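Trainee: Quick one, structure for this:
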Amino acid sequence: MFETLKAMPPDAILTLIEEYQNDSRDNKIDLGVGVYRDQSGQTPILETVKKAEQYLVDQQSTKTYLGSDGNAEFNEVIQALTFGEDARTNKRITTLQTPGGSGALRIAAGLITRVISDVAIWTSDPTWANHIPLLGSAGVKLKSYPYYDLDQNDLCFDSMLETLNNVPSGDIILLHGCCHNPSGMDLSKDQWHVVTDLIVERELLPFIDIAYQGFASDLEEDAYPVRLMFENVPEMIVASSCSKNFGLYRDRLGALSIVAKDSAASVVLRSQVLNIVRTLYSMPPDHGGAVVSYILNNTDLRHQWLIELNTMRKRLKKMRTLLGVALREEAPGYNFSHIERTSGMFCFLGITPLQVDQLKSEFGIYMVNSSRINIAGITEDNVERLATSITAVL
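Mentor: Residues are numbered from 1 along each chain as shown. Below you'll find the predicted structure:
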């Protein structure tokens with residue numbers, strides 16, 4: 001029966017990884033893969049994670065199943081991290097542990113298709129590459145709103161508002177909570193207030209994907225859009241991830257939070273999402289949730305984790321600044337100032353696909369065709385060569 005299937009086109013990022021690995025040049029630079037890296041080019045295990053894992057090795061007494069909603073202590077503490085400490089036990093919110101932020105997005109999409117068949121999710125243009133196939137594969141109708149002007153390398157906020165003002169009431173607006181992927185360009189607080197007022201006025205449902213909390217400013221500032229929406233809207237959806245801020249990429253840890261208009265509606269929503277989980281993967285893996293729960297509920301480890309998170313964030317900011325300075329020196333006739341206005345791991349370099357190919361073939365510098373780069377791939381050792389190479393292809 002399988003002979004009727006046709007091969008799927010290769011994933012662009014996976015293809016880039018393979019090309020990079022097969023490149024024998026010693027001075028090659030990987031700016032494509034979306035993981036945090038330190039100065040040595042490694043994706044480290046946080047010391048707090050190691051300590052929590054050792055505690056679990058010493059103290060865990062069973063490997064029996066979790067429930068479909070995952071680790072209850074993790075759900076409570078991640079709810080507080082996302083919505084604020086006062087929301088830790090808020091009865092309007094249902095939070096469950098998921099296999100990564102992707103799992104949270106997929107469960108939310110499944111819930112949306114159960115509510116109404118013709119509702120649309122509006123995503124930013126551009127958005128994370130996997131948003132479209134991940135949500136679309138659940139059967140959700142997808143549309144887009146303008147967000148980033150690739151010609152001007154800046155937000156197109158007026159065009160964004162113009163489109164959102166014409167979105168039908170009841171539709172869903174997918175927003176990046178911070179560190180927009182792929183542009184790295186975030187809304188200001190004033191702009192978030194404008195968007196929130198528009199969503200309330202037009203009776204739209206906000207769906208916030210916050211995969212990089214702590215990578216822009218700090219934990220509290222990065223959660224500002226979520227908490228602002230929570231204070232003003234009757235219903236909302238939030239997908240969060242622990243891959244970046246805890247470095248738990250392969251442990252696949254995320255959370256889905258759904259805000260209902262009241263506690264009674266929240267009970268119904270909880271039963272629906274748990275049913276979806278049961279039919280998809282039954283229950284999430286334990287390890288990551290147990291690690292994060294132990295760290296965030298332990299005063300000393302939580303303080304140490306905040307220091308580690310601050311170190312990662314500061315490194316990204318420093319590399320962004322170093323690249324901006326180097327490009328001003330190497331290519332004074334070109335404007336790359338947008339790089340230093342972005343936050344998080346990503347931004348667009350702002351060059352053509354042909355120039356991207358030239359950087360790869362002639363200089364061993366790898367990035368996706370859109371020129372989105374991972375700032376974490378930059379180091380103090382390679383930034384000058386990177387700037388020189390970019391200048392050579394302009």
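Trainee: give the contact list for the nearest residue to G350 once chain neighbours are set aside.
Mentor: Using Cβ to Cβ, 6 or more residues apart in numbering and skipping the chain neighbours, the partner closest in space to G350 is N153 (4.9 Å). For every residue, glycine as well, the C-beta is placed using N, CA and C. Counting by Cβ atoms under 8 Å, 6 or more residues apart in numbering, N153 touches 335, 338, 348, 350.
Trainee: number of nearby residues for the first one?
Mentor: Read that as N335. 13 (other Cβ atoms under 10 Å).
Trainee: in the stretch 251-394 of the chain, which spans are helices?
Mentor: With DSSP state H, counting those that start in this stretch as the criterion, the stretch 251-394 of the chain has helices at 263-280, 287-296, 299-330, 338-341, 353-363, 383-393.
Trainee: Can you say which of these is packed in most?
Mentor: helix 287-296 (a mean of 24; mean count of other Cβ atoms under 10 Å).
Trainee: quick one: that one to helix 299-330, angle?
Mentor: 100 degrees (axes from the mean of the first three to the mean of the last three Cα atoms, to 10 degrees).
Trainee: residues making contact with helix 287-296?
Mentor: 48-49, 52-53, 55-56, 60, 66, 70-71, 73-74, 77-78, 81, 97, 242, 246, 248, 251-253, 301-302, 305.
Trainee: And the worst-scoring helix or strand of the chain on mean pLDDT, what's buried?
Mentor: Within the chain, no helix or strand scores below helix 12-22, which has a mean of 87 by mean pLDDT, DSSP states H and E. Using 16 or more other Cβ atoms under 10 Å as the test for burial, helix 12-22 gives 16, 20.
Trainee: tell me what it is packed against?
Mentor: strand 365-366 (3 or more Cβ pairs under 8 Å, 6 or more residues apart in numbering; DSSP states H and E).
Trainee: Which strands or helices does the strand it packs on pack on?
Mentor: Partner elements for strand 365-366 (3+ Cβ pairs under 8 Å, 6+ apart): helix 12-22, strand 29-30, helix 353-363, helix 383-393.
Trainee: Averaged pLDDT, the last one. What do you get?
Mentor: Along helix 383-393, the predicted local confidence has a mean pLDDT of 97.
Trainee: go on, stretch 118-134?
Mentor: 95.
Trainee: Give me the distance between H338 and F346.
Mentor: 12 Å (Cβ to Cβ, to the nearest Å).
Trainee: Please apply the same query to N166.
Mentor: 29 Å.
Trainee: re the thing from before, now the contacts of N153 as CSV including distance to T391?
Mentor: Formatted as CSV, these follow (distance: Cβ to Cβ, whole Å):
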residue, distance to T391
N335, 13
H338, 17
F348, 17
G350, 13
